[in-house]
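Colleague: Quick one, what's the 3D model for this:
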Amino acid sequence: KHHKLSVLASSTNDGVNEASTARSEFGTFQYWDDMYNGMGDFPADEYSWYYGWETLKPYFVDDVVSSLSKENDEFQILLPGIGNDPLLLDLYGAGYKYLTAFDYSSSAIERQEDLLWYAEPDASTKYVKLFQGDARNLQKELPSDSFFDIVLEKGAFDAIYLSGDGNLEQSIEEIKRLLKPGGILMSVSGVVPEELRRTLLPKNDWEWIRDGSDDLKAGCFILKHLKKEE
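Modeller: Here you go, the predicted structure:
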């Protein structure tokens, strides 16, 4: 089950490694709004960071879902930095109904609302919550601690890391606040340095179910939150 993820889809963003440029742009609303309004570096319509659901699904089922005891349609799932990735629709279509997704860009959220309404018109009012938010502080939008069973991020940690020093640290603290004890973090990341990742996700707080450090291009990391109930 803990096999090497050796093939990634061609949507990998090779330019994300140009850290000097990225660090000056990724932390601005303007950069992301421009992108989702069709004036950026990536398609505004739909864009799947690193790889899509079909590649991700076996890891999600075998290492995430199997680690939890609920039925699929009972999971509360958080998707940080959703952008215009079709992952939200893929999860909904696979039977995971209770989805909360946010992005730094309001234009990205508008795009997700359009995609969701077109494909699943009832989902936006019954099950799915979408909002513009800052991963470093979600207290206003998501005040309840230990609420989510699963946090699935795909490229969000990379963009946050590139946006400036300290931002990733604050964001992971928010993830820890929101994730239930025993909940699962699935992180698909190709930019965050390995040493920093291990510092921010230490083994006394997280059980490393899958270490994606040897994956090509981007790693698929799956961790269980070991925070004890207070």
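
Colleague: going forward, measure contacts and count neighbours with C-alpha atoms only.
Modeller: Fine.

Colleague: Quick check: the closest residue to Leu130 other than its chain neighbours vs Glu54, distance?
Modeller: Setting aside the residues directly before and after it, Leu130 is nearest to Ala101 in space (Cα to Cα, 6 or more residues apart in numbering), at 5.0 Å. Distance from Ala101 to Glu54, counting by Cα to Cα, to the nearest Å: 20 Å.

Colleague: Of these two, give the one with the bigger neighbour count.
Modeller: Ala101 (23 against 10; other Cα atoms under 10 Å).

Colleague: who does the helix or strand harbouring the more buried one pair up with?
Modeller: Element membership for Ala101, per DSSP states H and E: strand 98-103. Paired strands of strand 98-103, with direction, are strand 76-79 (parallel), strand 129-132 (parallel) (DSSP bridges).

Colleague: So for it, mean pLDDT?
Modeller: For strand 98-103, mean pLDDT rounds to 96.

Colleague: which residues touch that strand?
Modeller: For strand 98-103, contacts defined as Cα atoms under 8 Å, 6 or more residues apart in numbering pick out 73-83, 88, 92, 109, 127-134.

Colleague: Can you turn the buried part of these into a ChimeraX selection?
Modeller: With 16 or more other Cα atoms under 10 Å as the criterion, this ChimeraX line picks the buried residues out of those:
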select :75,76,77,78,79,80,81,82,83,88,92,109,128,130,131,132,133,134
